[in-house]
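Student: model this:
(2 chains)
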Amino acid sequence: AQSVTQLDSHVSVSEGTPVLLRCNYSSSYSPSLFWYVQHPNKGLQLLLKYTSAATLVKGINGFEAEFKKSETSFHLTKPSAHMSDAAEYFCVVSHLNDYKLSFGAGTTVTVRA
Amino acid sequence: DAGVTQSPTHLIKTRGQQVTLRCSPKSGHDTVSWYQQALGQGPQFIFQYYEEEERQRGNFPDRFSGHQFPNYSSELNVNALLLGDSALYLCASRPDRNYNEQFFGPGTRLTVL
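Tutor: Have a look, this model is predicted:
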């Protein structure tokens, strides 16, 4: 079975400061890992993905994540938060022998001016 | 390319009724998955269709059924609606040969009264 745990249900940051969203995964096989963002009343947008290539993955809008197998983690970071980053973020796991995506519970990011 | 499209955008039904939601996949995608996202939670996998057959199913009752057409579009049907079926229903599509290129539609917001 595979699952993800997002360690923070809510993160609040000031504009221009770094953002860190934490995710731990559990998978019996080599996983593929993703971060998706969901803005209010919008669908899910893929930020970045890890698929067994480079462990440091760069995504859109300045986000990046590092796959650490020893820690079973896939934390998402951004050096400088923007007001438009306020949204819900989901860490997601899948693997080759399973067709579905398994989502974490989500982290709500608020950005203070 | 229109991406993944879903209809309708919003829907209001009463308990016991039946509902049909529709999804058109992104051009070139032949695999369609459906997810249920309850308020404040991450999306949960309902089922996936490929070659007009249900390939994998999540932990949802038989009241949830689906169909895929020769043009790869898909329907999600829910019978005997319960209040707890109120949620955002998301459709995702990908090419069968690529597990890591999954795109989501904007969703259908179903409210059951």
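Student: Indicate the residue of chain A located nearest to chain B.
Tutor: With Cβ to the nearest Cβ, the shortest gap between chain A and chain B falls at residue A:103, namely 3.4 Å. Where you see a C-beta, it was placed from the backbone N, CA and C, and this is true even at glycine.
Student: Name the SS class of the nearest residue to that residue once chain neighbours are set aside, please.
Tutor: Leaving aside its sequence neighbours, residue A:103 sits nearest to residue B:42 (Cβ to Cβ, 6 or more residues apart in numbering or on different chains; 3.4 Å). Following DSSP: H, G, I helix; E, B strand; the rest coil, we place residue B:42 in the coil state.
Student: State the number of residues packed around residue B:42.
Tutor: Neighbour count of residue B:42, defined by other Cβ atoms under 10 Å in any protein chain shown: 21.
Student: now the one 10 residues further on
Tutor: When neighbours are counted by other Cβ under 10 Å, residue B:52 registers 12.
Student: Could you list which residues are in contact with it?
Tutor: Applying Cβ atoms under 8 Å, 6 or more residues apart in numbering or on different chains to residue B:52 gives the contacts B:67-70.
Student: for whichever residue of chain B sits closest to chain A, what are its contacts?
Tutor: The nearest approach of chain B to chain A comes at residue B:42, 3.4 Å away (Cβ to the nearest Cβ). The contact partners of residue B:42, taken as Cβ under 8 Å, 6+ apart, are A:90, A:103-106.
Student: Distance to residue B:107 for the residues you listed - can I get that in a markdown table?
Tutor: A markdown table is the format used below for the contacts of residue B:42 (distance: Cβ to Cβ, whole Å):
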| residue | distance to residue B:107 |
| --- | --- |
| A:90 | 14 |
| A:103 | 14 |
| A:104 | 18 |
| A:105 | 18 |
| A:106 | 15 |
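Student: If you rank the residues you listed by neighbours, which is first?
Tutor: Top of those by neighbour count (other Cβ under 10 Å): residue A:90, with 25 neighbours.
Student: And that residue, how far from residue B:19?
Tutor: Distance, residue A:90 to residue B:19, by Cβ to Cβ, to the nearest Å: 25 Å.
Student: One more: residue A:100?
Tutor: Distance from residue A:100 to residue B:19, counting by Cβ to Cβ: 22 Å.
Student: now swap in residue B:83 and tell me
Tutor: Taken as Cβ to Cβ, the span from residue B:83 to residue B:19 is 13 Å.
Student: With residue B:73 instead?
Tutor: Distance from residue B:73 to residue B:19, by Cβ to Cβ: 17 Å.
Student: Could you pull up the residues touching the residue nearest the centre of chain A?
Tutor: Centroid-nearest residue in chain A, with Cα atoms, centre = their mean: residue A:35, separated by 3.4 Å. Residue A:35 is in contact with A:21, A:23, A:46-49, A:59, A:63, A:65, A:74, A:76, A:89-92, counting by Cβ under 8 Å, 6+ apart.
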